[in-house]
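A.B. asks: here is my input; please provide its structure:
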Amino acid sequence: MRVLPMSEMPSPQRWLTLIGIGEDGPAGLGDDAKRLIAAAPVVFGGTRHIELMQALIKGEAHSWLSPFEKSIEAVLARRGMPTVVLASGDPFYYGVGATLSRHVPASEMTVIPAPSSFSLAASRLGWPLQDVTVLSLHGRPLDLVRPHLHPGRKILALTSDAQGPADLARLLQEAGFGQSTLTVLEALGGPHERVSTQRAADFRLSGINDLNVCGIEVAVATDARILARSAGLDDSLFEHDGQITKREIRAMTLSALAPRHGELLWDIGAGSGSVGVEWMLAHPSMRAIAIESSGERAARIRRNAANFGVPGLTIVEGQAPHALAGLPAPDAIFIGGGGSDGGVMDAAIAGLKAGGRLVANAVTIEMEAMLLAEHARRGGSLIRIDIARAAPIGTMTGWRPAMPVTQWSWVKPSE
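C.D. replies: A predicted model of the protein is given here:
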């Protein structure tokens, strides 16, 4: 029996108790958790949680409402009064604890976690959890798995429902990872637990429980679409119409933009969206808004974002500077197209946060003249990038120079 220390015992200050439960219901709980549920005047949780704990619940039971925010408001309305919230496994691992912690400080909570579904899955597979990529695809696009598909990698992915594993197997097959081993772990820790393993290309499993985690052991075909971890991905990976910041220039541009955890980028004149896509690939916390006036290109950006596993990239279809109005202030801005249009540069500089970075590339004389003037006026860094590529010249090989690029980088002074 686990005895709660005095610092964690429920009190008027610690009015909210979060209790993690498993598929084994009350049998998996310690005496402390059972006592707290039985003593609670009000218990919140999912319908399944309430059903699993109905033998213990003596007070009012409230299943989560839709939209979920209504239930959070109901919990917060009880501030200072004893309240229990039931959660699956560890409430702070892709759980309701993450949401509640934005409103309730830790000093007002008592938390009794249970093993998460990821911990249970790792134990069934014998995978050291610290060496595994862990993803929640519950209510999220399956495309989020794409950046993690590297040879030999092990991935644990929580899906939304019974259809999730088959959809995941289809994605793996279409992306060149059909020989990957896909293990479906259902209803872990309960009487209906089942573990099944198949090749993604041969996936035929049926009757899958809605509560499932998929374990992926990644195997690659020669044509697999592997996304390298470095900046400057191959141009051929992107769908584009020629309006793309080329690989070498893109790598230098991202270096100048210097992505930092959780930051927001404006990609003005996004073209194929390549800079915004790679910005978001730097870390799952990164955010980007692609501003593009062409509807055809905006649709192309959306497809690229999905295919690179960053479906959260926001696309604003419209002409800068008008399309910039009302957007959240960015930490960094890249201007790749349309920068010489009237008002674009001024609007970008005005919208940038203090201390934020702006990087603009020029291939035309008009845009270069503007960047030279901005550099003279505001300072910053100005470089010229010349790239030449080896190409056939008759029966021999020679250098074919690409159009030179002038790049201005600038940090907005703190106000």
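A.B. asks: could you tell me the end-to-end distance of stretch 175-193?
C.D. replies: End-to-end distance of stretch 175-193 (Cα to Cα, to the nearest Å): 30 Å.
A.B. asks: so for that stretch, what gets flagged as buried?
C.D. replies: Residues of stretch 175-193 classed as buried by neighbour count (16 or more other Cβ atoms under 10 Å): 175-180, 182-190, 193. Placement of C-beta: from N, CA and C, glycine included.
A.B. asks: same deal with stretch 238-256?
C.D. replies: Within stretch 238-256, the residues scored as buried using 16+ other Cβ under 10 Å are 238, 240, 243-247, 249-254, 256.
A.B. asks: try stretch 356-370
C.D. replies: Applying 16+ other Cβ under 10 Å to stretch 356-370 flags 356, 357, 358, 359, 360, 361, 362, 367, 368, 370 as buried.
A.B. asks: residues touching that stretch, excluding its own?
C.D. replies: 245, 249, 253, 256-258, 329-336, 339-340, 345, 348-349, 352, 371, 374, 403-412 (Cβ atoms under 8 Å, 6 or more residues apart in numbering).
A.B. asks: drop anything exposed from those residues.
C.D. replies: Taking 16+ other Cβ under 10 Å as the criterion, what is buried in the contacts of stretch 356-370 is 245, 249, 253, 256-257, 330-336, 339-340, 345, 348, 352, 371, 374, 405-412.
A.B. asks: if I look at the closest residue to residue 405 other than its chain neighbours, how far off is residue 118?
C.D. replies: Once flanking residues are discounted, residue 405 sits nearest to residue 385: 4.5 Å by Cβ to Cβ, 6 or more residues apart in numbering. According to Cβ to Cβ, to the nearest Å, residue 385 and residue 118 sit 44 Å apart.
A.B. asks: residue 170: how many residues sit nearby?
C.D. replies: With neighbours defined by other Cβ atoms under 10 Å, the count for residue 170 comes to 15.
A.B. asks: wait, what's in contact with residue 175?
C.D. replies: Residue 175 is in contact with 146, 149, 224, 225, counting by Cβ under 8 Å, 6+ apart.
A.B. asks: now those residues in a markdown table, with pLDDT and secondary structure?
C.D. replies: Compiled in a markdown table, the contacts of residue 175 are given as follows (pLDDT from 0 to 100; DSSP: H, G, I helix; E, B strand; the rest coil):
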| residue | pLDDT | secondary structure |
| --- | --- | --- |
| 146 | 97 | helix |
| 149 | 97 | coil |
| 224 | 95 | coil |
| 225 | 94 | coil |
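A.B. asks: ranking those residues by neighbours, who comes first?
C.D. replies: Busiest of the contacts of residue 175 [other Cβ under 10 Å] is residue 149, holding 24 neighbours.
A.B. asks: would you map the helices across the stretch 51-200 of the chain?
C.D. replies: Applying DSSP state H, counting those that start in this stretch to the stretch 51-200 of the chain gives helices spanning 68-76, 96-100, 117-125, 164-174.
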